[in-house]
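Trainee: generate a structure from the sequence data that follows.
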Amino acid sequence: MREIRIYTDGACDPNPGIGGWAAILIDPTTGAREEITGGERESTNNRMELTAVIEALTKLTEPHTVMLVTDSEYVKNAFTQNWLKGWVAKGWKTAARQPVKNQDLWQKLLVLTAAHHIEWKWVRGHNNDPINNRCDELAVAARKKIARGG
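Mentor: Residues are numbered from 1 along each chain as shown. As a prediction, this is how the structure comes out:
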């Protein structure tokens, strides 16, 4: 399987409100890099974080070994702490028997992640990871573009 490194981020201001997302895909063998962005008029920070991962994985046309770097513990922990397995087993209900938020996006992500071997890595946002910081800049810029009517 080919390897790829993916950085993702989401931004929303206010939250809920206008949202932006970004992903940076890096081929560690060649150094090739692709930046993708987008957003929505009505969203939440968590929806934008999920959308960034979905859009990045959608770009992959064949199975990959993925190092997915995110500053969203919400996204990472759903996979690494088996929240998703629990939600599915409980019919998309939380431990408190409430409907899982963003179920539509989680379902898309489950399908996309099944095709790849993914290692989830969390980094502190707005810290000293230059690629994560670039991803944040792109997500904020996407949000601002929508706010301006773009």
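
Trainee: go through the helix or strand harbouring Tyr74 and flag the buried ones.
Mentor: Using DSSP states H and E, Tyr74 sits in helix 73-80. For helix 73-80, burial by neighbour count (16 or more other C-beta atoms under 10 Å) applies to 75-76, 78-79. Heads up, the C-betas are built off the backbone N, CA and C, glycines and all.

Trainee: return the set of buried residues in whichever helix or strand comes after that helix.
Mentor: Sequence order places helix 83-89 as the next helix or strand after helix 73-80, per DSSP H and E. If you call a residue buried by 16+ other C-beta under 10 Å, then helix 83-89 has these buried ones: 83-84, 87.

Trainee: re earlier: what helices or strands is the helix holding Tyr74 leaning on?
Mentor: Other elements packing on helix 73-80 under the criterion 3 or more C-beta pairs under 8 Å, 6 or more residues apart in numbering; DSSP states H and E are helix 45-58, strand 117-122.

Trainee: tell me the contacts of the spatially most central residue of the chain?
Mentor: Central residue of the chain (C-alpha atoms, centre = their mean): Val53, 3.0 Å from the mean position. Contacts for Val53 (C-beta atoms under 8 Å, 6 or more residues apart in numbering) come out as 6, 8, 23, 68, 70, 75, 109.

Trainee: how about the strands in the chain?
Mentor: For the chain, the strands defined by DSSP state E occupy 2-12, 17-26, 33-43, 64-70, 117-122.
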